[in-house]
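> fold the following and give me the result.
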Amino acid sequence: MDIRSFKSGVFRKQYEYRSFTPELIDHQWIISEPKVNQLLSQADRKLGELNAFSFLIPDVDFFIKMHIAKEATLSSRIEGTQTSFDEAIQKEDYINPEKKDDWQEVHNYIDAMNFAIQQLDSLPLSNRLLKDTHRKLLSGVRGTHKQPGDFRLSQNWIGGASLKDAAFIPPHFSEIPDLMSDLEKFLNNEDLYVPPLIKVALAHYQFETIHPFLDGNGRLGRLLITLYLVSNQILSKPTLYLSDFFERNRNLYYDNLMLVRTRDDLTQWITFFLVGVLETAQNSINTFHSILALRKAVEEGKIITLGKRAPLAMKLLKYLYTKPIVDANEVSEYLEVTISTSHRLIQDLQRLEILQEQTGFKRNRIFIFEDYLKLFR
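Take a look at the predicted model:
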């Protein structure tokens, strides 16, 4: 099917409302739109450039943890949480009690992402994996009573206070098994000659349209994008996250998804998606370039001046690459040194202008690797 000839589905009459049943997508697709093909070529090249950093940067997993934390913060923010990126990477002890629920939702996303990436070593990208990841996502937070890990058995809706004024009503729950089975087959069908970025754009649209769970669909649908790229070895590491682009263009994100359902305009959605891939990949490349420059300046220009204390300081620095906001107790525990040694080491890094004290207090002080953290803000 040519994407320009796409028919998105039908609205079905239910009791006092109409739900939308999307067309199945596990079939061959043709991209005849020149603009889409040009964007696809550009996005493919940019992803290849981004993927190279997974091999060029030593200890790249340190920095990927920060990317995951940023993705978790922004994807959750789209759904209404108020946790900032700085808060997301702090210990729970320092989080305002009124914000702890939001903080926990972000950390559930981080745990869910790490869990899903690990599971890809032994499981295909499947409904089983999506259900298991969904269970992690909603564990112990708002939504914990909304069937975590199971497809919904009742009607949900998007926007509005009820079914009567909803902006969009996904398919009836009785249709979900067949729709999700089709999506699973599409994701794993190696006989389809569909470019990976087109395939994942279609899969994300279809998942969000099916809305198979009672809660957490937006977050899981965005996580699905990264899982697909990693599982199909388009990316060797999870380095691309589109939630930043979707969050900054939130209205366009929702509008373009709706245009597919109401006007069959798949071309506009795919165009928007590919622009997001291009922009996000370039931003990630810029971040990695900045990381390399900062790492060289700090490790070769500053840490080396500490002499015999340099190896311990280097070990701490690697920890700061994964968690750039720390306190003395945390440093002591991680490095397995006394608290006095921890304080002296932190003072060394303050003197070298690597760490800055954040609170202004004499006790319970928090230290921040500001030059590094701002690369991800």
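> and R12, which of the three is it?
At R12 the chain is in strand, as set by DSSP: H, G, I helix; E, B strand; the rest coil.
> gap between the two ends of stretch 145-154?
Taking CA to CA, to the nearest Å, stretch 145-154 runs 13 Å from one end to the other.
> mind listing the strands the helix or strand where T21 lies pairs with, and their directions?
In the assignment (DSSP states H and E), T21 maps to strand 17-22. Paired strands of strand 17-22, with direction, are strand 9-14 (antiparallel) (DSSP bridges).
> list the buried residues for the partner strand?
By neighbour count with 16 or more other CB atoms under 10 Å, strand 9-14 contains the buried residues G9. Heads up, the C-betas are built off the backbone N, CA and C, glycines and all.
> which residues touch stretch 207-219?
The list of residues contacting stretch 207-219 from outside it, by CB atoms under 8 Å, 6 or more residues apart in numbering, reads 9, 20, 22, 75-76, 78-79, 109, 134, 137-138, 142-143, 146-148, 150-152, 154, 156, 158, 170-171, 176, 179-180, 183, 220-221, 224, 257, 260-261.
> can you pull the buried residues of the next helix-or-strand element following the strand holding T21?
Following strand 17-22 in sequence order, the next helix or strand is helix 34-56 (DSSP H and E). By 16+ other CB under 10 Å, the buried positions in helix 34-56 come out as 36, 39-40, 43-44, 46-47, 50-51, 53-54.
> return the member of those residues nearest to L163.
Nearest to L163, judged by CB to CB, of the buried residues of helix 34-56 is V36 at 35.1 Å.
> which residues does that closest one contact?
Counting by CB under 8 Å, 6+ apart, V36 makes contact with 3, 267, 270-271, 274.
> find the residue at the geometric middle of this structure.
Nearest to the mean C-alpha position of the chain, by CA atoms, centre = their mean, lies E71 at 3.8 Å.
> circling back to that earlier point, how far does the strand holding T21 sit from the chain's center?
Relative to its chain's centre, strand 17-22 lies at 28 Å (CA atoms, centre = their mean, to the nearest Å).
> and the contacts of that strand?
By CB under 8 Å, 6+ apart, the surrounding residues in contact with strand 17-22 are 8-12, 155, 163-164, 166, 168-172, 175, 179, 206, 209-210, 261.
> hmm, try it at 6 Å
With contacts defined as CB atoms under 6 Å, 6 or more residues apart in numbering, strand 17-22 is touched by 9-12, 163, 169, 171-172, 175, 209, 261.
> quick one: pLDDT of the residue nearest to the centre of the chain?
Note on E71: pLDDT of 87.
> quickly find the element holding it.
Using DSSP H and E, E71 sits within helix 60-78.
> ok now that helix, how far from the chain's centre?
Chain-centre distance of helix 60-78: 6 Å, with CA atoms, centre = their mean.
> contacting residues around it?
By CB under 6 Å, 6+ apart, the residues outside helix 60-78 that reach it are 54, 85, 88-89, 105-106, 109-110, 113, 219, 222, 237, 241, 243-244, 247, 291, 321-322, 376.
> what comes up buried for stretch 293-310?
Using 16+ other CB under 10 Å as the test for burial, stretch 293-310 gives 294-295, 298, 302-303, 306, 310.
> oh sorry, the question was meant for stretch 345-360
For stretch 345-360, a neighbour-count test (16+ other CB under 10 Å) marks 345-346, 348-349, 354-355, 358 as buried.
> in helices only, show me the residues you listed.
345-346, 348-349 (DSSP state H).
> quick one, strands of the stretch 51-200 of the chain?
Read by DSSP state E, counting those that start in this stretch, the stretch 51-200 of the chain holds no strands at all.
> helices of that one, start to end?
In the stretch 51-200 of the chain, the helices defined using DSSP state H, counting those that start in this stretch lie at 60-78, 85-88, 100-119, 127-138, 176-188, 196-210.
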